[in-house]
Structure formats: C-alpha cells, structure tokens
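**Student:** any chance you could fold what I've pasted below:
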Amino acid sequence: NGGAITTSSTQTYGDAVVLSADTTLTTTDSNITFGATIDSDSTARDLTLTLGSGSASVTGIVGTTSLDVLTLNSSATFTAAVTATSIVNAANKTATFSDDLTAAVTNSGGLLFNHTGSGATVDITYTAGGADIIRVEDTQDNVAPAVVTFANGINATALRVGALDGSKGGRVLFAEAVTISTVTVIGGNHVDEDSSVTFNKAVTSSSGITLDDNTGDAKIIFAENNSVNITGTINGASTNEGTIQVTGATKTFKSVIGSTSVGTLNIDATPVFESTVAATTIDIAGSITATFNDAITATTIALNGSSTLTIAYTGAITVAGNITDTGDSNEINVLFATADTAPSLVTFSGAAIAADTINIGSTTAAGKVTFTGLTGVTAGALNVTGGNHADEDSTATFNDDLTATIVLDPNLGFAQLIFATANDATITGTINGVSAGAGSIKVTGATKTFANVIGGSNPLNTIDIDGTGIFNAVVSATNIDNDGTATFKSDVTAAT
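**Tutor:** As a prediction, this is how the structure comes out:
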C-alpha cells in the first residue's frame, strides 16, 4: 500500500508490485531486487530508491500504468521498458536501461543504454545535472550493435558511444537537435562492433567530437535533408581514426575537422565546410557538390562522377592532397568569396590533380590558384574567368605539366595563365581566348613546351616570355613580348 520501507539489509520483491501511494524504499548499502513488474494503481505514484552503495535490479516492465516521479538515489538496472512522468538520477549513480524509456529525465549521474536485438526508443526530455553522461553500449559480443533511438532533442554534458575500454560497441540515433558538450565514439573489440552516432538535425558540441577506432570502427553520420549547423570540432583520437559520413543535405560544418586527422570523410550529400578539414581520404560521391571555405589536407580527394569540389574562400589557403577523377563530369571550382577585391591565393600542393573541368573564377567571382604538384594537372577543360569588377583578376599558375583544353575569359577583370618554376614541363592542349584578344600567357620558368595551337580560334591578348618557352604549333596573339628565350616551330601571328 505504499509509504516507506527501511531495512538494514537486502529487499526482494518476487511478485508484481502495484503502488497505491507514493513509496520510498531504503536500505543500508544493500541491494533491492524486483522480479516482476512495477506499476501505479489508477493514480500515478512516486517511487524513491535510496540504497546507499547498494543497487536496484528490476526485471519486469515498469509503468505499464505509469509511475509519477521515479527517484534514483542509488544505481539501478532496468531490463524491460520503463514509463514514468519523470526520472531523477542522482550524482555519481548509474541508471541502466535495456529497453524503451519514456519520461522526463533529470540526470546528474550516468544513463547507460545497453540494448540488444532490435534496439529501443528513448522518448525523453532531458535536463542535464552538470556532471551527467549518456552512455550507449551494446551488451552483445561480436555482432553489430543494436540502435538506440532518441526521439527528442537532447541537451547534455557528455555522450559516450561504445565502452571506455573498447570492449563493446554502440549505436545511437538522435532524431532531433542536440547540444552535448563532449561526444566520444569508441569502436568495440571485434570487427563487427562498429560504433556510430547518427544526427538527423543540428549538433552543438562545445568541447568537440572524438572518434576512436578500435578493432571496430568509430563513425559519425549526419543524416536527413535539412539546412542545419554542425558546431564543434571533430577529431580522431589519433591520426587516421574515425569515419565521418554526410548523407543528408544541406549541413554546414562551422568548426575545424581533423586537427587530429580523421580517417575518412564520406560526402554523400551536399555540405558546406566553413573551417579547415583534414582527413586521410575525402570521398565525394557522384552528383554531389561539396563546398570548402578553408584549407583541406588529405592524402586523396576522390571525385566519382558528376562530383563537384568547390573552393569558396576568403583568404590564402592550401588544398593538400591528390585529386582523383573517376567517371565523367567531375568538376573543381575555385571562387574567391570577397567581391570587388583581388583574390587571395589557393595552393594545390597534391602531386597530381585531375578533373573533367577546372574553373578558376566565374563571371561573378575571381579566383587565383597555383598548382605545385610534381605530376601536374590533367583536365578535359580548364576555364580561367575574371570576375565582374576591374579588381577581380583570375590567375592560374602551373609549376609542372598541364593537359587541358583552355579558355581564357577576362570578363571585367583579367584572365592569365602563368607557367613557372625552372623545370621541363609540357603543356598539352589548345589555349584560346573566349573572344579575340582575350586573356594572356606568361612564361617565367624554363623549359616549358607548348604542344598545341595557341590562339587558333580566338587569338590571345598577350604572350609574355620571361623564361624559356618552346612552341610546337601555331601561335596567335595581339602582343608577344619576349624577354627570355622563345622557340617557335610553326606560324606566329601578332600585331607586335
């Protein structure tokens, strides 16, 4: 009939328990065991467990007829579903749930979700107590963890998915926005025990997200199509750890990714990265556009068919890594985002850069780029376009081989190719202005060999030779200025 029961030793309730009044159960550092269900009568009742260093174990469903306030002043384990108006978990205590949970939760300690099989739904509103942590650890061994789904927004101090010692994996999905100061994802100790966190909405993590691969991988997934911000750093526990997957459009990543480089960034939907990004592999799926506003560091940036890599930047940056071109219609765009201003420099330092189309600047924005790689640049088409202001000059500098069909369009600015560095390099492909007298070439290095016609359909404005150039085909420009060494092996047409 409820009330208060106090013992100096253990308490055991083998049958179903029905609370007909608010009830407090107290032991002196001893355990309580419930072997069956716990319910209220027709009125929602409070249940308070104060067991000192003891703990509670509850086997049956709690709250088929909902409890009111479930207060846990000691650790407790719930094997079946729990429903209450609210749950209060005390500091330094752990409440463990193995099935569905429905309640308003105030947590000053730890909540552990260790579901198995088909997983569970956590339908809670959550109040952080300050030193609180949410943990998700599957109890099964050597299998993919079950998914724990949080149906509502969560504002918590810490989230850890996977066991701290790497012995268990975990999987969790947050259907609504979350604010969690610290997020840690740890893979389990078997190849099937990958740990993952899926966020469907906005994420704010002031102390950042850490991905710690073990035998199983650590993965974070940004899903569902919505324009939300992801705020907080994302790092590997050490270099080349963790996987980031973007499956929902359009997410804006506001913070640094990879101060400690992550392993893989899989981009399967359209994102924007506002700060620096470092990953061993960046993979942009077919028909996807990925926009980066700051520096990129990778071993490989992979384009996979109608993929677009857009560098929309405001200051000097470096894109480090080879860029691979698989399939057709892959594109690289370099666009300075500050209007009416001479663009800052983007340096592509990867040994080899390849795409079907490379656009430096557009009719509304300039671009300035240098390719320093030892293998050079290969593209089907290279377009250098000045912006829509007199200060928006676009320039592409190549330190090694170039293969492309090139068109130079000054627009209201200027469009120029520069072939620099003292090395033997071959430029393969025609070079033309978008119209007669458009664009310029400058040769500052030696020795640059131009294999194909220059200015055949539309003569350039200027060819300026300050280094050493060999021209194997027809050349046509308004002005040719030779202050270096120029060798022409075919017809040359110029006003001066």
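**Student:** was I right about residue 18 contacting residue 41?
**Tutor:** Yes. In this structure, residue 18 sits in contact with residue 41. The criterion is CB atoms under 8 Å, and the distance is 5.7 Å. For glycine as for every other residue, the C-beta is placed from the backbone atoms N, C-alpha and C.
**Student:** mind checking the SS state of residue 60?
**Tutor:** Assigned with DSSP: H, G, I helix; E, B strand; the rest coil, residue 60 falls in the coil class.
**Student:** I'd like the numbering to begin with 31 instead of 1 from here.
**Tutor:** Sure thing, new numbering starts at 31, so read that last one as residue 90.
**Student:** not counting its neighbours along the chain, what's nearest it?
**Tutor:** Closest residue to residue 90 in three dimensions, ignoring its sequence neighbours and counting by CB to CB, 6 or more residues apart in numbering: residue 67, at 3.7 Å.
**Student:** how many residues are close by that neighbour?
**Tutor:** 18 (other CB atoms under 10 Å).
**Student:** my guess is it contacts residue 46. True?
**Tutor:** Yes. Counting by CB under 8 Å, a contact exists between residue 67 and residue 46, whose distance comes to 4.7 Å.
**Student:** overlap in contacts, the two.
**Tutor:** Any residue near both residue 67 and residue 46 by CB atoms under 8 Å, 6 or more residues apart in numbering counts here, and that gives residue 90.
**Student:** right, and residue 314 touches residue 330 too?
**Tutor:** No. At 11.0 Å, residue 314 does not count as touching residue 330 under the criterion of CB under 8 Å.
**Student:** with neighbour numbers in mind, choose between these two.
**Tutor:** Under the neighbour definition other CB under 10 Å, residue 314 and residue 330 were set side by side, and residue 314 has more, 26 against 15.
**Student:** next, the contact list for that one, please.
**Tutor:** Taking CB under 8 Å, 6+ apart as the contact definition, residue 314 lies against 297, 320, 331, 332, 333, 334, 337, 338, 339.
**Student:** and for residue 411?
**Tutor:** If a contact means CB under 8 Å, 6+ apart, then residue 411 has 386, 387, 388, 434, 435, 436, 437 as its contacts.
**Student:** how about residue 71?
**Tutor:** Under the criterion of CB under 8 Å, 6+ apart, the neighbours of residue 71 are 48, 49, 50, 95.
**Student:** so which of the residues you listed wins on neighbours?
**Tutor:** For the contacts of residue 71, the largest number of neighbours (other CB under 10 Å) sits with residue 49, at 21 neighbours.
**Student:** phi and psi next, for that residue.
**Tutor:** phi -90, psi 120 (degrees, to the nearest 10).
**Student:** any idea what it is bridged to?
**Tutor:** residue 70 (DSSP bridges).
**Student:** for it, give me the pLDDT.
**Tutor:** Among the per-residue scores, residue 49 shows a pLDDT of 96.
**Student:** ok, it touching residue 77?
**Tutor:** Yes. Assessed by CB under 8 Å, residue 49 is found in contact with residue 77 at 6.2 Å.
**Student:** hey, what's in contact with both of the two?
**Tutor:** Shared contacts of residue 49 and residue 77, defined by CB under 8 Å, 6+ apart, comprise 68, 97.
**Student:** sheet-wise, list the partners of the helix or strand containing residue 155 with their directions.
**Tutor:** Using DSSP states H and E, the secondary-structure element containing residue 155 is strand 150-158. Using DSSP bridges, the strands paired with strand 150-158 in its sheet are strand 131-137 (parallel), strand 177-180 (parallel).
**Student:** in stretch 437-449, what's buried?
**Tutor:** By neighbour count, with 16 or more other CB atoms under 10 Å as the criterion, the buried positions of stretch 437-449 are 437, 438, 439, 440, 441, 443, 444, 445, 446, 447, 448, 449.
**Student:** distance check, the residue lying closest to the fourth one once chain neighbours are set aside against residue 444.
**Tutor:** Translated: residue 440. Distance criterion CB to CB, 6+ apart; nearest residue to residue 440, sequence neighbours excluded, is residue 416 at 4.5 Å. If you measure residue 416 against residue 444 using CB to CB, to the nearest Å, the figure is 5 Å.
**Student:** which residues sit against stretch 390-401?
**Tutor:** Identification of contacts with stretch 390-401 by CB under 8 Å, 6+ apart yields 363-367, 369, 372-378, 383, 389, 407, 412-418, 422-430, 432, 439, 441, 443, 445, 450.
**Student:** of these, buried ones?
**Tutor:** Burial by neighbour count, 16+ other CB under 10 Å: within the contacts of stretch 390-401 this picks out 363-366, 373-378, 383, 389, 407, 412-418, 422-430, 432, 439, 441, 443, 445, 450.
**Student:** mind checking which of those are in strands?
**Tutor:** In this view, the buried ones among the contacts of stretch 390-401 that belong to strands under DSSP state E are 363-366, 376-378, 383, 389, 407, 412-415, 424-428, 432, 439, 445.
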